[in-house]
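J.: predicted model, plus sequence, below.
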Amino acid sequence: ENANIVITAGTVDTATTVTNATTVTSATGVTSANTVDTVSSATTVSSATSVTTATTVNAAGTVANAGSIQGAWLPVSRTSAHTIATGDSNTTQCLSGGFYTIAFPSPSGFSNSFTVTLFNVDSGSGKKITFTGSTAGPTSFILWPNQTVMVGVLNSEWMVLQEPPLWSVPGPTSFYVATSGGSDTNDGLSPSTPFATIQGAINVLETSIRRTAQGSILVNLAAGTYNVGGGVNINYGEVLGDLEILGNDSDPESVIIQCDAGGFCFRVRDGMTTVTLAGMYFTTSGNGSTAVSAEAYCNIDLDTVVFGNFPSGTHINATFFGSINVVSDYYVIGGASVHYNIGYCSQITIGPSRTVNGVPNLVFTYFASAENIGIINLQPTVVNFSGFSPVTGTRYIVANNGLIVGTGSNANLFPGDTAGSALNGGIYA
């Protein structure tokens, strides 16, 4: 104890405690130590042939030329898939080289003292962590860039001993989704490791990501048909800021979003956030569906989108303080019960100088509906509706203190073959 200098020791056997050594040099062997409980504040430990069963090594300035250091937290570099083995105990696995899997096999055969640390040193790709057999936590998760996790065995079960926090993305960050070659257990951070579904991507963003700088999170959709069932539900929350879901602006019909009867293509709600939907084509497999809906203080920006046929359904819906902004020209190639359905203190703003491009022979019950303090705002310049004629349906209804403003006093502005009406305090101006 308290040895200031130990120099050129041939062998130190069966030591119970070695503490507070300032310098240990040129040791041929340090073996069979019952406990090296604390080797602390060591300035230099050099040229050691074997150092075994150390419990703790703290604050070492240099550990050099060690032939074997067992039981210490050694860094081990990994660049490809690896299955954790008993020999990985008390190591830090430094993971680089892209997306791959680190697999924990059945915990049988691993002692309850087994622990390992995984450190994803990549800045642009995640690592998939999986568990087989008994586990007290998740069976798999993504270790995001620059995150660390500690895993051990407790009562013969795998246990995440030190969970990583939400991944704090540094700014604009891109994720990818594809209808082929993807998996919702991928990291989604490159076109070669995409998510398989849009909802899978959204679920990861809502549960694993925290944005810490200005800039949107981008979800890039490859060409294909995305069957979204009852709909993509986005309860995004203000912690993540703006979200952009991007298809193909130059060919929006190459990215098809199809919902089931009675469902939604996209439903955004429950959070003060803006979701941009761009470069995609909305359609449905049945009646009573809604293409896009903004609800509960959320905002949707629509950019170069196409609306297909929604029988007995709605193209654009906003309710309960939802808001929709049309930020570019867009296309209507299918009919619906209502194209604009704005109600309950919600609003859609179209402009300035937007063109809504249609095709002939579409059928609507109402092209535009603003009710219950809902607002359809066409200011500051009148919107141009082009290519719809002939079209069947009532041009508009504005009722129960709803407001349609910016029409230029043109009662025939909206497509239709039947005059619109203002009822119960509704204003058309």
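T.: That came through, no problem.
J.: contacts only, for S80.
T.: Applying Cβ atoms under 8 Å, 6 or more residues apart in numbering to S80 gives the contacts G97, Y100. Yep, even glycine has a C-beta here, placed from its N, CA and C like the rest.
J.: what separation do you get for it and F367?
T.: 58 Å (Cβ to Cβ, to the nearest Å).
J.: now do G286
T.: Taken as Cβ to Cβ, the span from G286 to F367 is 22 Å.
J.: and those two? which has more neighbours close in?
T.: Shown here are G286 and F367; by other Cβ atoms under 10 Å, F367 has more neighbours (29 against 14).
J.: which SSE is that one in?
T.: strand 362-371 (DSSP states H and E).
J.: pull the residues that contact the following helix or strand past that strand.
T.: Using DSSP H and E, the helix or strand that follows strand 362-371 in sequence is strand 375-377. Contact partners of strand 375-377, identified using Cβ under 8 Å, 6+ apart, comprise 340, 342, 346-351, 368, 370, 398, 402-406.
J.: now do strand 375-377, average pLDDT.
T.: What strand 375-377 shows for mean pLDDT is 97.
J.: name every strand pairing with it and say which way it goes.
T.: When pairs are called by DSSP bridges, strand 375-377 turns out to pair with strand 347-350 (parallel), strand 403-405 (parallel).
J.: deepest-packed of those strands, please.
T.: The highest average neighbour count among these, using mean count of other Cβ atoms under 10 Å, belongs to strand 347-350 at a mean of 22.
J.: I'd like the strands paired with strand 375-377 laid out as a markdown table, including distance to D88.
T.: Compiled in a markdown table, these are given as follows (distance: least, Cβ to Cβ, whole Å):
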| stretch | distance to D88 |
| --- | --- |
| strand 347-350 | 57 |
| strand 403-405 | 66 |
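J.: and the pLDDT at the residue positioned nearest the centre of the chain?
T.: For the chain, the residue nearest the mean C-alpha position is L205 (2.4 Å; Cα atoms, centre = their mean). pLDDT, L205: 90.
J.: give me the buried positions along stretch 273-292.
T.: Judged by neighbour count (16 or more other Cβ atoms under 10 Å), stretch 273-292 contains these buried residues: 273-284, 289-292.
J.: V160: which of those residues is nearest?
T.: Nearest to V160 among the buried residues of stretch 273-292 is T273, at 29.7 Å by Cβ to Cβ.
J.: quick one on the thing from earlier: my guess is the residue nearest to the centre of the chain contacts E244. True?
T.: No: using Cβ atoms under 8 Å as the test, L205 is too far from E244 to be in contact (11.6 Å).
J.: quick one: common contacting residues for the two?
T.: I217, V219.
J.: what's the separation between R211 and L161?
T.: Taken as Cβ to Cβ, the span from R211 to L161 is 27 Å.
J.: S106 too?
T.: 18 Å.
J.: same deal with T290?
T.: T290 is 46 Å from L161, by Cβ to Cβ.
J.: mind checking pLDDT for the residue nearest to T392 when sequence neighbours are not counted?
T.: Using Cβ to Cβ, 6 or more residues apart in numbering and skipping residues adjacent in sequence, the residue nearest T392 is V363, 4.6 Å away. The confidence metric pLDDT takes the value 98 at V363.
J.: re the thing from before, would you mind giving the strands paired with strand 375-377 as CSV with distance to N233 and mean pLDDT added?
T.: Supplementary listing: the strands paired with strand 375-377 in CSV, determined by distance: least, Cβ to Cβ, whole Å; pLDDT from 0 to 100:
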stretch, distance to N233, mean pLDDT
strand 347-350, 21, 97
strand 403-405, 29, 96
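J.: tell me the contacts of A411?
T.: R395, A419, G420, Y428.
J.: what's the answer for V363, then?
T.: Neighbours of V363 in contact, by Cβ under 8 Å, 6+ apart: G335, V391, T392, G393.
J.: re the thing from before, out of the buried residues of stretch 273-292, which one sits closest to S134?
T.: The closest of those, once distances to S134 are taken by Cβ to Cβ, is T273, at 39.4 Å.
J.: pretty sure the closest one sits against D301.
T.: No: here T273 lies out of contact with D301, judged by Cβ under 8 Å, at a distance of 11.1 Å.
J.: now for Y100: which residues touch it?
T.: Y100 neighbours (Cβ under 8 Å, 6+ apart): S80, A81, K127, K128.
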